[in-house]
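**Student:** What follows is a predicted protein model with its sequence.
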Amino acid sequence: MSAKIQTSLRLDAEKLSEAKQILAQLGINFSEAVNIFTSLIVAKQGLPFEVALPNADSKAAMLDVRARNNLETLTLEQLQREIDTQ
């Protein structure tokens, strides 16, 4: 096993608190999550997810959501039926 080092990060306090709560529900702590993320970076030789600027359609959709335009309210049952029919 390789040596462990201590590091420091500057994070948004509210997001860190929320992240810790979510990770606790998953049964891991923040340090373990950072180690998992670091291992994935090494394994993928980059970020373990796509990082790209949104295209024109995605930008338009995001602006619509922010403006609360073109939104549709669905119940969980309606969403389940829609998923089942696909």
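**Tutor:** Received the coordinates, thanks.

**Student:** Within the helices and strands, which one has Gln25?
**Tutor:** Assigned by DSSP states H and E, Gln25 belongs to helix 13-26.

**Student:** and that helix, what's its mean pLDDT?
**Tutor:** Average pLDDT, helix 13-26: 97.

**Student:** next helix or strand past that helix?
**Tutor:** helix 30-44.

**Student:** quick one: buried residues of the helix holding Gln25?
**Tutor:** Within helix 13-26, the residues that count as buried by 16 or more other C-beta atoms under 10 Å are Leu23. Any C-beta I mention is one placed from the backbone N, CA and C, and that applies to glycine too.

**Student:** Let me know how buried the nearest residue in space to Pro48 that is not next to it in sequence is, in neighbour terms.
**Tutor:** Computed as C-beta to C-beta, 6 or more residues apart in numbering, the closest residue to Pro48 that is not its neighbour in sequence is Leu40, at 3.8 Å. For Leu40, the neighbour count with other C-beta atoms under 10 Å is 13.

**Student:** And Gln6, how close does it get to Ser31?
**Tutor:** Gln6 is 10 Å from Ser31, where distance means C-beta to C-beta, to the nearest Å.

**Student:** Of the two, which one has the most company?
**Tutor:** Between Gln6 and Ser31, Ser31 has the larger neighbour count (other C-beta under 10 Å), namely 11 against 5.

**Student:** can you pull the contacts of that one?
**Tutor:** With C-beta atoms under 8 Å, 6 or more residues apart in numbering as the criterion, no residue contacts Ser31.

**Student:** coming back round to it: I'd assumed Gly46 was in contact with the residue nearest to Pro48.
**Tutor:** No: Leu40 is beyond contact range of Gly46, at 9.5 Å (criterion: C-beta atoms under 8 Å).
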